[in-house]
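1. Have a look at this prediction, sequence included:
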Protein chains: 2
Amino acid sequence: MYSNELVRGTLKTVILQLLSFKDKMYGYELSKEVKEKTEGKIILTEGALYPILHKLEKDGYVTTIFETVGNRKRKYYMLTGKGKSHAKDRKNELLDFMQTMQSLVDPKPSLSSCI
Amino acid sequence: MYSNELVRGTLKTVILQLLSFKDKMYGYELSKEVKEKTEGKIILTEGALYPILHKLEKDGYVTTIFETVGNRKRKYYMLTGKGKSHAKDRKNELLDFMQTMQSLVDPKPSLSSCI
DNA sequence: AACTATACCTAAATTACTTATGCATAAAAA
DNA sequence: TTTTTATGCATAAGTAATTTAGGTATAGTT
């Protein structure tokens, strides 16, 4: 588990990115996916998740539909055109930021991450 | 300029890392260095900087000495042994986190960053 | 004379979260 | 059979790292 300060601020970008990989996703699914894909190192709690999703909808980045799958009601989120564009921007900003941070804390990085 | 959310949470790590590169640094110097090294993309404001430095001192990660250089009083910060160890830990956590984020938002990264 | 740079500091406000709680259904374990 | 775990949604109070805005002082620049 990473310290909260580090994860704070990246969650919206993560959600936007995961939504861009699929046609639609629901909240619980997003929560599970983040946990699985990060091997439990990043936990997207419900208290963070749902307010972010609601804000994305309010800002016009996602639209929603309810679907009932085997007696379970799910609220699916889908990126709008504006949302897809926003997701790309946020991703590019994050990648740029991480490169800047790399050069700042590790001026002479190893090439171990390269094939 | 990156969005505040993104930078928020990384500043303490950045400061610890910059301090680990030199024997001693003072506040204003840290502020200038972050701005220069990131080409203005990360601004370490005084309202963030000084509280962080004071907390680092309180927590025993740095010690301080005052020096007067040409009528200007500077407060120099130096990492303690504990501070050096902490700086390494924070750096490793940040690098680990960034790798996790990379794989999360960019599952098939380009190799453009490799030589 | 006013502005910019150097150099330190603090305090109120913001905000993205954490923690805690609530509701409902279904499957698994005790 | 009763309780825990998993699924699925949601909100609300509290926390803490900042931002924003202010203060003090000296020195060089316009």
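-> The structure has been received and is ready for your questions. Numbers count the residues shown, from 1 in each chain, chains lettered A, B, ... in the order given.
2. Am I right that A:Gly40 falls within a helix?
-> No: A:Gly40: not assigned to a helix; according to DSSP: H, G, I helix; E, B strand; the rest coil it is coil.
3. For B:Tyr28, see how far away the closest residue to it other than its chain neighbours is.
-> Nearest non-adjacent residue to A:Gly40, counting by C-beta to C-beta, 6 or more residues apart in numbering or on different chains: A:Met1, 7.3 Å away. (C-beta placed from N, C-alpha, C; glycine too.) Counting by C-beta to C-beta, to the nearest Å, the gap from A:Met1 to B:Tyr28 is 35 Å.
4. cool, and A:Ile15?
-> A:Ile15 is 38 Å from B:Tyr28, by C-beta to C-beta.
5. just A:Lys75 next, same as before
-> With the distance defined as C-beta to C-beta, A:Lys75 ends up 50 Å from B:Tyr28.
6. need the contact list for the residue positioned nearest the centre of chain A.
-> Centroid check for chain A by C-alpha atoms, centre = their mean gives A:Val14 as the closest residue, at 1.6 Å. Counting by C-beta atoms under 8 Å, 6 or more residues apart in numbering or on different chains, A:Val14 touches A:34, A:42, A:44, B:101, B:104-105.
7. hmm, try it at 6 Å
-> Going by C-beta atoms under 6 Å, 6 or more residues apart in numbering or on different chains, A:Val14 touches B:Leu104.
8. Tell me which helix or strand it sits in.
-> Per DSSP states H and E, A:Val14 falls inside helix A:11-21.
9. The helix or strand immediately after that helix in the chain packs against which elements?
-> As assigned by DSSP H and E, the chain's next helix or strand after helix A:11-21 is strand A:25-26. In terms of contacts (3 or more C-beta pairs under 6 Å, 6 or more residues apart in numbering or on different chains; DSSP states H and E), strand A:25-26 is packed against strand A:72-79.
10. Grab the longest helix from chain A for me.
-> Longest helix in chain A, counting residues (DSSP state H): helix A:81-105.
11. Buried residues in that one, which are they?
-> Across helix A:81-105, burial judged by 16 or more other C-beta atoms under 10 Å in any protein chain shown covers A:83, A:86-87, A:90-91, A:94-95, A:97-98, A:100-102, A:104-105.
12. any low-confidence regions in chain A?
-> Residues of chain A meeting the criterion pLDDT under 70: A:109-115.
13. Kindly recompute the last result at 80.
-> Where chain A drops to pLDDT under 80, the residues are A:108-115.
14. and the residue of it found nearest DNA strand C, how many neighbours?
-> With C-beta to the nearest atom of the strand, the shortest gap between chain A and DNA strand C falls at A:Gly47, namely 1.9 Å. Using other C-beta atoms under 10 Å in any protein chain shown, A:Gly47 has 8 other residues around it.
15. what does chain A have sitting close to chain B?
-> Proximity of chain A to chain B, by C-beta under 6 Å from any C-beta of the partner chain, involves residues A:2, A:5-6, A:8-9, A:14, A:17, A:37-38, A:41, A:91, A:97-98, A:100, A:104-105, A:114.
16. Which ones among those residues also lie next to DNA strand C?
-> A:8-9 (C-beta under 7 Å from any atom of the strand).
17. Check which helix or strand the residue of chain A closest to DNA strand C maps to.
-> According to DSSP H and E, A:Gly47 maps onto helix A:46-58.
18. near DNA strand C, which residues of chain A show up?
-> Contacts of chain A with DNA strand C, taken as C-beta under 7 Å from any atom of the strand, map to A:4, A:7-12, A:43, A:45-48, A:51-52, A:71-72.
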